[in-house]
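**Student:** Here is my input; please provide its structure:
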Amino acid sequence: MKRKILNLTKGILITLSWLFSVCVLAQNVTVNGTVTDGLGEVLIGVTVQIQGTTTGTTTDIDGNFSLPNVPPNATLEVSYVGMQTQLIDVAGRTSIHITLTEDTEILDEVVVIAYGTQKARSVTGAMSRINTDELVDMPVANITQKMQGKFAGVHILNNSGEPNGNLSIRIRGQASINAGNSPLVVIDGFPTSSGLETLSPDEIESISILKDAASTTLYGSRAANGVILVTTKQGRVGKTDISFNATYGVENVSSRGMPDVMNAQEFAQFKKEYYEDAQRYEGSTTPVPEQYANPSSVTQGTDWYKVLLRTANSQNYNLGLQTGTNVVRSALNLNYNNTEGTIINSYAKRFSVRSNNEFKASERVLFGVNLSGAYIDRQIQDNIGIDRQIIGSAFLMDPALKYKNDDGTYPISYSAPGMFANANYYLVLRDRMNPTKHIRGTVNAYGQVEIIDGLKYRLNANVDVGNSRQEKWVPSHVSGGMFSAPPNPAYGSYHTYNYENWLIENMLTYQKTFFENHDVDLLLGYTAQKSQDISSTINASQYPSDEIGFFNAAQTKVGTGSKSAWSMISWLSRLNYEYRNRYILSLSFRRDGSSRFGYNARWANFPSLSVGWVASEENFMKNIQNLNFLKLRASWGKVGNNNIGNYTSIASVNNVNYVLGGAIVPGRQLGNIGNNNLTWETTRSWNLGVDLSVYKDRIFFMYDYYNKITDGLLYQIDIPYSSGFGNIQSNIGEFHFWGHEFTLQTRNMVGKFKWSTDFNISFDRNKAVKLGTNDTPIGGYNNQVDYNRTAVGMPLGMFYGYVYDGVYMTQQEYDSQPKHATSTVGTVRMKDINGDGVINTDDKDYIGNPNPDFLYGITNSFNWNNFDASIVIAGSVGNDIIDATYEWTENIDAVFNVRKEVAERWRSEDNPGKGKIPRTLTGTTELFRYTNSRWVFDGSYLMVKNITLGYTIPLKTNPYIRSLRLYLTGQNLLTLTKYPGMNPEVSRSGTGGLNFYGVDHTAYPVSRVYTVGVNVSF
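**Tutor:** This is a model prediction of the structure:
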């Protein structure tokens, strides 16, 4: 018995000893360590985190880290920008040295393509991609501003500085006559009705630009202008990231390129001389008005352009959360942006929220729902920067006029001698109300089931809905403008627009590797989409007073409205095949049926074929020194453009009154002839490309050559008038596009000091081949406000007008030179192009080309210790700009303020000026205001888009903040150009269309922005 007790006691002691040992071994430990790169240089700010938790730290200035309370069996996740993430098993160790290798996953990473993903090394189409963490330091409201200079073959113009305004995008020079030129925007797989301006840049994970038909075919009839794929942020399994970003910026407009018009003293001198010359040469008896009689006594006066400007502020706050487990992945993003405009009483405020969630029900079943919403409150006066509206009229005012009286009151109108009546444009901007509020929401729900290994069925249901409302109110004291000065009757309006867009997609995919070397990826799909919208407008007038501006206070209210819809169903398929990681084949096909087209032409097929050869995988290439990767690509395909409106193919009926039996009775008449064969424009293209990586992936080079033919362009063709109509909409027109694109990415220095460069350059060309039935040129027929002509055999949108040739300086010159009907000594001289001795419309010629010879972008990034810096440059070479404001600022009839150079005009043979500006003789000045080559300038430019300097503050291990970074940034800091205007990227029609392309007709000015920001990770 005693022995049994002793044995029991011994057993208990052994058990307790074992348990004690287990407990001791199981105690958490403090892990210390150092992180270096492959060259042995310490890395600062490396994130060291316990996998699956939020517990972590960062390395200090010496590359050291200390992480307490680490389970001995834990796994550390070590990550750093530009390096491959490593998973390190602790295995009870308390001291660990970690070496990170440079991230060479540019070829192995998975990229988003049409309806799926693919390894970058296997992509055979022409596409460009960027992660938005490379753009985090550009605090702008619109993601498009961050895209400038980043993609070869993508022309982005910041042609207006409106807060949160849209930029113009043209991919590979694509253009149409009547069917639009903007690329298709696809957000998380959904071709949305709303554009990029409703998205917060902080919620975007990556952007892919699909450029050739092989990469865009699966979007079929909407892909001719290219496709922009936007992927928003998702949660990641085993990782939790919480970030807060805040910026505050100050904006102002540079004085470079502001309208070079006369000050008050100079203008008084000009007006005085104008009246004196009229007396001398025309027998005028009108005396010089008193206010111009003594110019030396006049002060500098008012700079009417600067009166409209202010220093503006901008703020942006973003909270992001991404987390994930093996069951649930979630990402939440909240953003608030408030941007004041540099034009008074203009602004844009946006609040956006996005929640992306995915639930894994089992190993083979998952569900997801992504929700997003945006609210935008924006105020910009309509047509503020077009023609002689607000900006254009303001700087044409007599500078001697005051926008504010000495007693603090404001004049409401002006009538200077010999000039048009005008409003006080400061008051016009301050007191006119034009707020527009947009609400947008999207829902993307999906379910996926893996039927057997590799075979998956996915159902996507997408909805995009939006509403906008605009309330315009114009009180009587700011009702009117040039030619019609206030006060005028007050007026207002209320406009609403609602849209709904839904898309259902059924996708079946199969991915399988056969016999180890044959990789197959098959996609089959069926989609159905419908979009509808409704709008209404109430125009109000006869207000009893200016006290209440809402339309219900008006005595007269007139309403109009419209409703439209379109729908489309599609079949699509794709086969990707890869053999031994070196021979790649991709076949795609889509068939679209659309309600937008004629009854006989609603269906069209869009096929594509692309091949790739990874030559660097061949045995005979293995021994080539410093060659890491070489791939050759080729593709062909066909896509379409369906942006023709919803009812273009259908005959319309209009209301009309008839006289019947001596009385007026209502009736109907045919508005236009329908065309049952009307269909989409088609673009066929082929592409040749090469991807090359050398010197341990430190140099990556990409080249593409493309050739595109767009035919079936929508065009009005002439028909016999016996039909009752002069023309009918049809598919007759053809454009050709071709070009070269180069991309070079280099890691110049990879030690303690890091320096990388991204460079791209593209050469785009185009030509019109067919226009209608008779190849009649488009545009350029009128002498004014008709600047562009597109003709067969010529590039698109060429400038067309008279060729300026100076001034008839002497009687001898006048007698010996060709003349216009209004010509005399001292008037403008245009070239006699056809040599008939007479200057008339037959002498108009091509005077400039708005299409650039090439576009380029350069980004340099630097890292040293805790400091980082970057500089982004974009530019264009060889394009022309036509400054259409010359039509007004060189109007020498003395009805506007004019450019300073007008002081050096011709006044007599003894006082001929510099031979550039003609005399002010009545009846001879109109030719000088006709579109001519004097207005055309070299639009080449180099613009520093962004400069950033950042510092990551070293933090000791703490349970609150994982990393903290401060940065300063400046945007649009430097512009080098020969163009004398404010913005060399200006274009009244952006990059699209054939009319007003490359035309400066005044625009909302683009500002410089200085910003301070902070990035905090928890």
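
**Student:** Could you tell me the end-to-end distance of stretch 977-996?
**Tutor:** Stretch 977-996 has an end-to-end distance of 21 Å (criterion: C-alpha to C-alpha, to the nearest Å).

**Student:** Report the distance from that stretch to the chain centre.
**Tutor:** How far stretch 977-996 lies from its chain's middle: 14 Å, per C-alpha atoms, centre = their mean, to the nearest Å.

**Student:** again with stretch 320-330
**Tutor:** That offset, for stretch 320-330, works out to 31 Å (C-alpha atoms, centre = their mean).

**Student:** What mean pLDDT does stretch 372-386 get?
**Tutor:** On average, the pLDDT along stretch 372-386 is 91.

**Student:** Which secondary structure element of this structure has the lowest mean pLDDT?
**Tutor:** Each helix and strand of the chain was given a mean pLDDT (mean pLDDT, DSSP states H and E); the minimum falls on helix 2-26 at a mean of 45.

**Student:** Can you pull out the residues in contact with the helix or strand following it?
**Tutor:** With elements assigned by DSSP states H and E, the helix or strand that comes after helix 2-26 is strand 29-36. Outside strand 29-36, the residues that touch it by C-beta atoms under 8 Å, 6 or more residues apart in numbering are 42-43, 46, 48, 59, 62-70, 72, 76, 78, 80, 90, 92-100. Bear in mind the C-beta positions are built from the backbone N, C-alpha and C, glycine included.

**Student:** 6 Å instead?
**Tutor:** 42-43, 46, 59, 63-68, 70, 72, 94-99 (C-beta atoms under 6 Å, 6 or more residues apart in numbering).

**Student:** cool, and stretch 964-977?
**Tutor:** Under C-beta under 6 Å, 6+ apart, the answer for stretch 964-977 is 137, 941-944, 946-953, 984, 1008-1016.

**Student:** again with stretch 310-325
**Tutor:** By C-beta under 6 Å, 6+ apart, stretch 310-325 touches 139, 202, 235-237, 240-249, 251-252, 330-342, 344.

**Student:** could I get that stretch in CSV with only the CA atoms?
**Tutor:** Taking Å, rounded to 0.1, in the frame of the first residue of the first chain, the C-alpha atoms of stretch 310-325 are listed here in CSV:
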residue,chain,number,x,y,z
ARG,A,310,-9.3,83.9,-55.0
THR,A,311,-7.0,81.7,-53.0
ALA,A,312,-8.8,78.5,-52.4
ASN,A,313,-8.5,75.7,-49.9
SER,A,314,-9.0,72.0,-50.2
GLN,A,315,-9.4,69.2,-47.6
ASN,A,316,-9.5,65.5,-47.9
TYR,A,317,-10.0,62.9,-45.2
ASN,A,318,-10.1,59.1,-45.7
LEU,A,319,-10.5,56.2,-43.3
GLY,A,320,-9.9,52.7,-44.7
LEU,A,321,-10.2,49.3,-43.1
GLN,A,322,-9.3,46.0,-44.7
THR,A,323,-9.4,42.7,-42.8
GLY,A,324,-10.0,39.0,-43.6
THR,A,325,-10.3,35.5,-42.2
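
**Student:** ok now it, how far from the chain's centre?
**Tutor:** For stretch 310-325, the distance to the chain centre is 20 Å (C-alpha atoms, centre = their mean).

**Student:** Report the rounded mean pLDDT for that stretch.
**Tutor:** Per-residue scores along stretch 310-325 average to 94.

**Student:** buried sites along that stretch?
**Tutor:** With burial defined by 16 or more other C-beta atoms under 10 Å, the residues of stretch 310-325 counted as buried are 310, 312, 314-324.

**Student:** Please indicate which of the contacts of stretch 964-977 are buried?
**Tutor:** For the contacts of stretch 964-977, a burial check counting by 16+ other C-beta under 10 Å picks out 137, 941-944, 946-950, 952, 984, 1008-1009, 1011, 1013, 1015-1016.

**Student:** before we move on, back to that, ok, of the contacts of strand 29-36, which come out buried?
**Tutor:** By neighbour count, with 16+ other C-beta under 10 Å, the contacts of strand 29-36 hold 42-43, 46, 59, 63, 65, 67, 70, 72, 96, 98 as buried.

**Student:** Which pair in the residues you listed has the greatest spatial separation?
**Tutor:** The two members of the buried ones among the contacts of strand 29-36 with the most space between them (C-beta to C-beta) are Val42 and Pro72, at 26.1 Å.

**Student:** In a strand, Ile888, correct?
**Tutor:** Quick fix: residue 888 is Trp, not Ile. No: using DSSP: H, G, I helix; E, B strand; the rest coil, the secondary structure at Trp888 is helix, not a strand.

**Student:** That one against Phe896, yeah?
**Tutor:** Yes: counting by C-beta atoms under 6 Å, Trp888 does reach Phe896; the two are 5.4 Å apart.

**Student:** Show me whatever sits in contact with both of the two.
**Tutor:** Leu396.

**Student:** For the nearest residue to Tyr814 once chain neighbours are set aside, grab the count of nearby residues.
**Tutor:** The shortest distance from Tyr814 to any non-neighbouring residue, by C-beta to C-beta, 6 or more residues apart in numbering, is to Tyr808 (4.2 Å). Tyr808 has 25 neighbours, counted by other C-beta atoms under 10 Å.

**Student:** Contact partners for Tyr808?
**Tutor:** 814, 825, 827, 829.

**Student:** Need the max-distance pair from those residues.
**Tutor:** Taking C-beta to C-beta, no two of the contacts of Tyr808 sit farther apart than Val825 and Arg829, at 10.6 Å.

**Student:** Tell me which of the two has more neighbours.
**Tutor:** Taking other C-beta under 10 Å, Val825 and Arg829 do not tie; Arg829 has more neighbours (24 against 21).

**Student:** Could you pull out the strands in the stretch 351-500 of the chain for me?
**Tutor:** 365-379, 413-414, 422-423, 435-452, 455-474, 491-514 (DSSP state E, counting those that start in this stretch).

**Student:** With respect to burial, which of the ones you listed scores highest?
**Tutor:** Stretch with highest mean neighbour count among those: strand 422-423 (a mean of 26; mean count of other C-beta atoms under 10 Å).

**Student:** Run through who's touching that one.
**Tutor:** 397, 413-414, 480-482, 485-486.

**Student:** wait, doesn't Leu503 sit right on Gln529?
**Tutor:** Yes: with contact defined as C-beta under 6 Å, Leu503 reaches Gln529; the gap is 4.3 Å.

**Student:** Would you map the strands across the stretch 51-200 of the chain?
**Tutor:** Counting by DSSP E, counting those that start in this stretch, the strands of the stretch 51-200 of the chain are 56-58, 64-70, 75-79, 86-89, 95-99, 110-113, 116-119, 127-131, 154-157, 168-171, 184-187, 190-191.

**Student:** now the ones you listed in TSV, with mean pLDDT?
**Tutor:** Shown next, in TSV, are the strands of the stretch 51-200 of the chain (pLDDT from 0 to 100):
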stretch	mean pLDDT
strand 56-58	81
strand 64-70	87
strand 75-79	87
strand 86-89	87
strand 95-99	88
strand 110-113	82
strand 116-119	84
strand 127-131	85
strand 154-157	89
strand 168-171	89
strand 184-187	91
strand 190-191	90
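
**Student:** What distance do you get for Leu796 to Gly939?
**Tutor:** 16 Å (C-beta to C-beta, to the nearest Å).

**Student:** So the two - more neighbours on which side?
**Tutor:** Gly939 (27 against 24).

**Student:** That one and Asp786, how far apart?
**Tutor:** For Gly939 relative to Asp786 (C-beta to C-beta), the value is 20 Å.

**Student:** List the residues that contact the residue nearest to Met397 when sequence neighbours are not counted.
**Tutor:** Closest residue to Met397 apart from its sequence neighbours, by C-beta to C-beta, 6+ apart: Trp304 at 4.7 Å. By C-beta under 6 Å, 6+ apart, the residues touching Trp304 are 394-395, 397.

**Student:** Next: Ile947.
**Tutor:** 871, 970.

**Student:** Going forward, count from 41.
**Tutor:** Understood, numbering begins at 41; the last thing we discussed is Ile987.

**Student:** downstream neighbour of the helix or strand hosting it in the secondary structure list?
**Tutor:** Here Ile987, judged by DSSP H and E, is contained in strand 981-993. Sequence-wise, the next helix or strand downstream of strand 981-993 (DSSP H and E) is strand 1003-1017.
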